[in-house]
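Visitor: Let's see this in three dimensions:
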Amino acid sequence: MKKTQELRNLSRDEVAKKVEELEEELFNLRFQAKMGQLANALQLRMVRRNIARARTILAQKAKEAAVPK
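Guide: Below you'll find the predicted structure:
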């Protein structure tokens, strides 16, 4: 819950940058897993979920911006 609130407080550009960072982290974790160097396999799941969470918030922010006030 805390992560979600932190993401909601960021701007759209900041959330988009966070998604990019998380995707890069996921790539590195997958690489480590293939090489047998990943200590905690749950990190993959946590990062994937954080990416989904950030993308959802990004979509919500885009939808809010599209709605005229």
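Visitor: residues contacting the spatially most central residue of the chain?
Guide: In the chain, the residue lying closest to the centroid (Cα atoms, centre = their mean) is residue 51, at 2.6 Å. Residue 51 makes contact with 19, 22, 23, 26 under the criterion Cβ atoms under 8 Å, 6 or more residues apart in numbering. Every C-beta, even on glycine, is put in place using the N, C-alpha and C of the backbone.
Visitor: Narrow those residues to those in helices?
Guide: The helices, defined by DSSP state H, take in 19, 22, 23, 26 from the contacts of residue 51.
Visitor: If we only consider the residues you listed, which is nearest to residue 61?
Guide: Set against residue 61, the nearest of the ones in helices among the contacts of residue 51 by Cβ to Cβ is residue 19 (11.8 Å).
Visitor: Is it correct that that closest one is in contact with residue 58?
Guide: Yes: Residue 19 is within contact range of residue 58, at 6.5 Å (criterion: Cβ atoms under 8 Å).
Visitor: any residues touching the helix or strand of the chain with the lowest mean pLDDT, and which ones?
Guide: One helix or strand of the chain scores below all others by mean pLDDT, DSSP states H and E: helix 2-8, with a mean of 87. Contact with helix 2-8 is made by 15, 18, 50, 53, 54, 57, as judged by Cβ under 8 Å, 6+ apart.
Visitor: Looks like residue 18 contacts residue 12 (just checking).
Guide: No: using Cβ under 8 Å, residue 18 is not in contact with residue 12; the gap is 10.6 Å.
Visitor: So between these two, which is more surrounded?
Guide: Between residue 18 and residue 12, counted using other Cβ atoms under 10 Å, the more crowded position is residue 18 (20 against 14).
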